[in-house]
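[1] Got a sequence here, can you model it:
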Amino acid sequence: MSPLCCCFIVSVCVTALASGLPPPRNVRLTSHNMDLYLRWRPPENLSNQIFYSTKLQASFDSVLSRPACVNTSALFCELSEPGLKLTLLEFGQYNASVRALSGNEMSDWVYSQPLTMDKDTVIGPPMVALVPQGACLEVSVKDPEFRVSSMTNVFGLPQYNINYWPRRRAHQASHMQVRQNRVVLSGLEPWTEYCVQVQIHVDPARNQNSAEASKPVCESTADMPSPPWITAVVTFVALALTVAVVVITVIYHKQIFHFLCPKHSLPQNLPECPHAPLFVPEEQCHPLTMIPWQDEGEHLTANS
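    A predicted model of the protein is given here:
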């Protein structure tokens, strides 16, 4: 048999093997917070166990395809997994492919649409923390962690859309847009619970996907703080009273001492009774003779 005939037979066999298994369906490349996932659905009308192999290709290298997940039964492959050592770039454009394997059969490669990391990734929700400051709330925002690079390296300083409202009164929501990751919400009602939700916004020319908003975080305000001048007046008055008491005590200390500890002893007709009982003794009664009063003249006549 001629070599040309042998090559034809081998190519026919390989094609038969490759086309004998339906390919995976709905192959797509997705990115969330600058990660990279290839996802797919299994072939139709197959009951036996299926394995999958994937590969990644960069737009700047149209020849070389790097293998990723091999002989996996999962319906996805995280191409940004550090263990795969694929070295993704934050501004790179990629496409990926997957094929099904079952025994000696394999399907054709199915390719995803290309994806540009910074333009197509979906930015996740930020972390939000609230700290009450009297009748105000301090809002601290932390950017989501990216799998490749960081928020500031890819998009610069983002804009934060902040919505806040009294709890159970979402129709009274207020809005503000800032670029600082820490801001104080003023003009709030004292002793009221407020809920805050934050969403990151970047330049649409850099990324057209809507970022995910954070879950509402709620915290209560406290009482209105006293104006500074009231605190200063109260402090001054307290200090002045303290100084006045000290001065009076120093100047009139002798008079105060004599007033509290007099030198004169008690009168003689008020003897001290250190052991006097705590109860009043019973009174004693003696008989008394009553003599009627007579005028002195009458009394002398009667005697004569």
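[2] show me where pLDDT drops low in the chain?
    Applying pLDDT under 70 to the chain flags residues 1-19, 62-63, 223-231, 253, 257-258, 262-304.
[3] show me the biggest helix of it in terms of residues.
    Longest helix of the chain, by residue count under DSSP state H: helix 228-251.
[4] Can you mark which positions in it are buried?
    For helix 228-251, the neighbour count (16 or more other Cβ atoms under 10 Å) marks no residue as buried. Glycine gets a C-beta too; all of them are placed from N, C-alpha and C.
[5] in the stretch 1-150 of the chain, which spans are strands?
    Secondary structure of the stretch 1-150 of the chain (DSSP state E, counting those that start in this stretch): strands at 25-30, 37-41, 51-58, 66-67, 76-78, 93-102, 105-106, 110-111, 115-116, 127-133, 136-142.
[6] Contacts made by the first one with the rest, please.
    The set of residues external to strand 25-30 that reach it, using Cβ atoms under 8 Å, 6 or more residues apart in numbering, is 36-44, 94-98, 110-115, 122.
[7] Select only the buried ones of these in PyMOL?
    A single PyMOL command selects the buried members of the contacts of strand 25-30 (16+ other Cβ under 10 Å):
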select buried, resi 36+37+38+39+40+43+94+95+96+97+98+110+112+115
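[8] Identify the residue nearest the geometric centre of the protein.
    Ala129 (2.7 Å; Cα atoms, centre = their mean).
[9] does that one really touch Val217, like I thought?
    Yes - when contacts are counted by Cβ atoms under 8 Å, Ala129 is listed as touching Val217 (7.3 Å).
[10] In contact with the closest residue to Pro126 other than its chain neighbours: list those residues for me.
    Nearest non-adjacent residue to Pro126, counting by Cβ to Cβ, 6 or more residues apart in numbering: Val141, 5.0 Å away. Residues near Val141 by Cβ under 8 Å, 6+ apart: 126-128, 160, 181-182, 198.
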